[in-house]
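> model this:
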Amino acid sequence: MSNPPIYDQILEDIIAYVYHTDISSPLAYKRARIALLDSLGCAVETLAQSSEARAFVGPVVPGTIVPNGFKLPGTRFVLDPVKGAFDFGALIRYLDHNDAYPGAEWGHPSDNLGAIIAVADWLSRAHAAGDAVGKAITVKEVLTAQIKAYEIQGIFQLKNAFNKHGLDHTILVKIASTAVVAHLLGLSEEQALSALSHAWMDGHPLRTFRQAPNAGPRKGWAAGDACKRAVHLCFLAKAGQPGAPSVLTAPKWGFKDTLFGGEELRIPRPFGSFVMEYHFFKLVVAEAHGISAAEAAVELAAILKHAGKTASDIEKMTIRTQQAAKTIIDKTGPLRNPADRDHCIQYIVAVSLIKGSFIEGEDYADDSPWASDPRVDELREKIVVVEDEQFTKDYHDQKVRSGANGLKVELKSGEDIPEIVVAFPIGHPKHPETLDLVKKKFKNNMSKGKFESVTVEEMMKLAEEDDIPVHSFIDLFEKKV
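Below is the predicted model:
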């Protein structure tokens, strides 16, 4: 019998972490429960607000019923775990309202729940029905997989800038989801390594769909695409497909030389539960680098109102920001669709300032009054975005981890309004009200989906129960009518 192949060390480290590391942090589990509810709420919110998303969820062949399949939350669809992973991952992400994590690369670790929940619910439901393909999966096991997926994605994000090479950050959703889904499916470690090597071997999406002139709705379903791919690759490995042991390091043909400019992938700290403990909850429907700017804009609106002024009295506005925001959401010129608008810091600030309240998901839509309000474009043209090196430094400093933006306004009258700086906006782990506000956000989102308050309370209760089958929890999210 031949010895199993030796895989690149990073792949070995990921699988060893997933298969052999116990998570003992009470804080990680506390935040994971809230993140799970938040993600489910975001999916329901998407279904309530986006006709685009409602159009692509459901079975590929209409009317298909999968025995003991995944019950897609917020719907009556019962799906196979591959299509289910796409649909649920896309619904969580589509409105840009799910949680986030910063670093050299920005990403949204709850994207991984598309794959985790689709597979776990199907396995749990099949087991309960006596189908030999299934296995018992508890809420605690889902939370553990969630913590580990967050950790894999987030630790890679700290020091590896995939966007610098034109690659989309959802490559990390595919990597993290493949690793944890392999474990949920009961793959051997060698099979898990095979699946993970295939996840790295994929060509990977270009991030052009997040940047002008090609920004479009694909950025809303790119995470679902990564989840779908992760689940499919795990099934292929389970069926016996061999992997590529040197997928990262093979000269000329490996990931490093072909797609990463010859750079080494960096893992700056051991895998544990750090990312779940310190990730950012999004309480404002805006690209995360712009949330503190939206908060500052709402504060500025109150100051202007008190002074008897409006946005039309502004001569110039300067947004002082971090390098990541400057790269990702500093956007001038025409905004052609909702995806363009929600990745434009000038639009986020302008709408929040003119409204006097936080921008919301429907404010990005083509038929939103704000999309055609001439005051918005007039204010956008007066906004200058500049990088502040200290903001960038604090953004990357693991002891600070701020997401600062500062707004300074010069009025046509010649008056200056003192700069408003928000470093730790609502949703930041250092903001004392974050977790309570996330629970409130969940209740609001479930209300948008027409779920009764008694059902919502039961959802929150069962999320605290470690030992219940996960499908019993997901059953509560089925749309009855």
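
> from here on, just use CA atoms for contacts and neighbour counts.
OK.

> just how off-centre is the helix or strand harbouring G84 within its chain?
G84 belongs to helix 81-93 when assigned by DSSP states H and E. Per C-alpha atoms, centre = their mean, to the nearest Å, the displacement of helix 81-93 from the mean C-alpha position of its chain is 12 Å.

> now do stretch 295-313
On the basis of C-alpha atoms, centre = their mean, the separation between the geometric centre of stretch 295-313 and that of its chain is 31 Å.

> now do it: everything it contacts.
For stretch 295-313, the surrounding residues in contact (C-alpha atoms under 8 Å, 6 or more residues apart in numbering) are 349-350, 352-354, 356-358, 375, 379, 405-407, 411-413, 420-422, 425.

> quick one: buried ones out of these?
349-350, 352-354, 356-358, 379, 405-407, 411, 420-422, 425 (16 or more other C-alpha atoms under 10 Å).

> helices - which of those land there?
Using DSSP state H, 349-350, 352-354, 379 are the members of the buried ones among the contacts of stretch 295-313 that sit in helices.

> make JSON lines out of the residues you listed and add distance to A212.
As requested, these are arranged in JSON lines below (distance: C-alpha to C-alpha, whole Å):
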{"residue": "V349", "distance to A212": "19"}
{"residue": "A350", "distance to A212": "19"}
{"residue": "S352", "distance to A212": "22"}
{"residue": "L353", "distance to A212": "24"}
{"residue": "I354", "distance to A212": "25"}
{"residue": "L379", "distance to A212": "20"}
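
> pLDDT on stretch 374-381, on average?
Taken as a whole, stretch 374-381 carries a mean pLDDT of 97.

> any idea how far it is from the chain center?
29 Å.

> using PDB, list the CA coordinates for it.
In PDB, the C-alpha atoms belonging to stretch 374-381 read as follows (Å, rounded to 0.1, in the frame of the first residue of the first chain):
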ATOM      1  CA  PRO A 374     -30.600  65.600  -8.500                       C
ATOM      2  CA  ARG A 375     -29.500  66.700  -5.000                       C
ATOM      3  CA  VAL A 376     -27.600  63.400  -4.600                       C
ATOM      4  CA  ASP A 377     -25.500  63.800  -7.700                       C
ATOM      5  CA  GLU A 378     -24.900  67.500  -7.000                       C
ATOM      6  CA  LEU A 379     -23.600  66.600  -3.500                       C
ATOM      7  CA  ARG A 380     -21.500  63.700  -4.900                       C
ATOM      8  CA  GLU A 381     -19.800  66.100  -7.300                       C
END
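
> for it, which positions count as buried?
Within stretch 374-381, the residues that qualify as buried by neighbour count (16+ other C-alpha under 10 Å) are 376-377, 379-380.

> H97 should be in a strand, yeah?
No. H97 is assigned coil when assessed by DSSP: H, G, I helix; E, B strand; the rest coil, not a strand.

> spit out the contact partners of the closest residue to it other than its chain neighbours.
Closest residue to H97 apart from its sequence neighbours, by C-alpha to C-alpha, 6 or more residues apart in numbering: V285 at 5.1 Å. Residues near V285 by C-alpha under 8 Å, 6+ apart: 95-97, 359-361.

> ditto for G84
When the contact criterion is C-alpha under 8 Å, 6+ apart, the partners of G84 are 58, 70, 72, 114-115, 118, 228.

> mind checking how far the residue nearest to the spatial centre of the chain is from E378?
In the chain, the centroid-proximal residue (C-alpha atoms, centre = their mean) is H108; its distance is 2.5 Å. According to C-alpha to C-alpha, to the nearest Å, H108 stands 32 Å off from E378.

> in the top helix by length along the chain, which residues are buried?
In the chain, taking DSSP H as the definition, the longest helix is helix 26-49. Counting neighbours by 16+ other C-alpha under 10 Å, one finds that the buried residues in helix 26-49 are 28-29, 31-49.

> quick one on the thing from earlier: which pair of the contacts of G84 spans the longest distance?
Greatest spatial distance among the contacts of G84 (C-alpha to C-alpha): G58 and A115, at 15.5 Å.

> who has more neighbours out of the two?
Just comparing G58 and A115: by other C-alpha atoms under 10 Å the higher neighbour count belongs to A115, 35 against 21.

> check which helices and strands the helix or strand containing that one sits against.
A115 is part of helix 113-128, with elements assigned from DSSP H and E. The elements that helix 113-128 packs onto, with contact taken as 3 or more C-alpha pairs under 8 Å, 6 or more residues apart in numbering; DSSP states H and E, are strand 70-71, helix 81-93, helix 139-159, helix 171-184, helix 218-238, helix 470-474.

> and the following helix or strand past the fourth one with helix 171-184, angle?
Okay, so that is helix 171-184. Sequence order places helix 189-201 as the next helix or strand after helix 171-184, per DSSP H and E. Between the direction of helix 189-201 and that of helix 171-184, the angle (axes from the mean of the first three to the mean of the last three C-alpha atoms, to 10 degrees) works out to 160 degrees.

> so what touches helix 189-201?
Counting by C-alpha under 8 Å, 6+ apart, 4, 7, 11-12, 15, 19, 171, 174-175, 178-179, 182-183, 229-230, 233-234, 236-238, 240-245, 247-248, 254-255 sit against helix 189-201.

> among these, which ones are buried?
Buried residues within the contacts of helix 189-201, counting neighbours by 16+ other C-alpha under 10 Å: 7, 11-12, 15, 19, 171, 174-175, 178-179, 182-183, 229-230, 233-234, 237-238, 242-245, 247-248, 254-255.
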